[in-house]
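>>> Structural data only, the sequence is not supplied:
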């Protein structure tokens, strides 16, 4: 295999190696852990026959009792006692687009995921 | 090929999916409708332009062991599967082109017997049970 072949070889990473990794911004602030990877159907593949599942970004948040009770996944609308509990226990779950990653995740090391600094109004929240 | 043969229906272009929630641990069903294991992991390919896409689903005991934290055993198990069946494709890896639909179940264009979840059963059948006198009379 030539050097060019090595350079052109695709880098693969497993979903499980991304889940749970720490998420820090470019300034080193901790923002939680990777909870999920969001993909979007991006039309057919280059061969024209298959849909392509393109990675859109990472879902991340702080793990805790709220997450274990499932309060991170969906917004709690009521009754008021549950919304209060969700507000008390549940940290926000956020989304960052894949192109906001400062560097590509290393497949072999569970190093923190580094993302761009948060915009003035913060990262996009999902719940 | 019909539109429904795409992993994700073309009519739902733009559909988003959270992989850990909507794909991981879901049931795989083979072309005959038989249960063929679970989605134990998902392989993402990082493109040179910085983007990434789903390239394959991974299924099998070695993959699951590695994901559950038993990395050395899991990787050894996956190596053994490849050593024992060197002439075959790596059966733990299901390329996305072999995936027909992704819904509550994942339908693939493969036979359950060809996947790693049935690897031990297949190997024992070929190398042990198949040599017992009379075994060839039983399908």
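Everything's here; your move. All values reported here derive from a predicted model rather than from experimental measurement.
>>> Do a quick rundown of the helices in chain B.
Remark: helices assigned in chain B by DSSP state H are B:19-22, B:61-67, B:71-84, B:119-127.
>>> Skipping adjacent residues, who's closest to residue 93 in space?
Let's take chain A. residue A:61 (3.8 Å; Cβ to Cβ, 6 or more residues apart in numbering or on different chains). Bear in mind the C-beta positions are built from the backbone N, C-alpha and C, glycine included.
>>> wrong one, chain B
Nearest one to residue B:93, counting by Cβ to Cβ, 6+ apart, is residue B:56 at 4.9 Å.
>>> pLDDT weak spots in chain B?
By pLDDT under 70, the low-scoring segments of chain B are B:1-13, B:85-90, B:119-120, B:136-139.
>>> What count of nearby residues applies to the residue nearest to residue A:93?
26 (other Cβ atoms under 10 Å in any protein chain shown).
>>> What's opposite it in the beta bridge?
Beta bridges link residue A:61 to residue A:33, residue A:93, judged by DSSP bridges.
>>> pretty sure it is in contact with residue A:33, am I right?
Yes. The pair residue A:61 / residue A:33 is scored as a contact, 7.3 Å apart, by Cβ atoms under 8 Å.
>>> OK, contacts around the nearest residue to residue A:11 once chain neighbours are set aside?
Excluding the flanking residues, the one nearest residue A:11 by Cβ to Cβ, 6+ apart is residue B:46, at 4.3 Å. By Cβ atoms under 8 Å, 6 or more residues apart in numbering or on different chains, the residues touching residue B:46 are A:10-13, A:104-105, B:52.
>>> all strands for chain A, in order.
A:11-14, A:22-25, A:30-44, A:51-61, A:93-97, A:113-115, A:124-125 (DSSP state E).
>>> want to throw those strands into JSON lines with mean pLDDT?
Shown next, in JSON lines, are those (pLDDT from 0 to 100):
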{"stretch": "strand A:11-14", "mean pLDDT": "92"}
{"stretch": "strand A:22-25", "mean pLDDT": "93"}
{"stretch": "strand A:30-44", "mean pLDDT": "87"}
{"stretch": "strand A:51-61", "mean pLDDT": "90"}
{"stretch": "strand A:93-97", "mean pLDDT": "89"}
{"stretch": "strand A:113-115", "mean pLDDT": "93"}
{"stretch": "strand A:124-125", "mean pLDDT": "76"}
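>>> Specify the stretch among these that is closest to residue B:71.
With Cβ to Cβ as the measure, strand A:11-14 is the member of these nearest residue B:71 (11.2 Å).
>>> that older thread, point out the most buried one among the helices of chain B.
helix B:61-67 (a mean of 22; mean count of other Cβ atoms under 10 Å in any protein chain shown).
>>> Let me know how buried residue 97 is, in neighbour terms.
I went with chain A, as the question did not name one. So residue A:97, with other Cβ under 10 Å, has 15 neighbours.
>>> My question was about chain B, not that one.
Residue B:97: 13 neighbours (other Cβ under 10 Å).
>>> go on, the one 4 residues further on?
Residue neighbour count, defined by other Cβ under 10 Å, stands at 15 for residue B:101.
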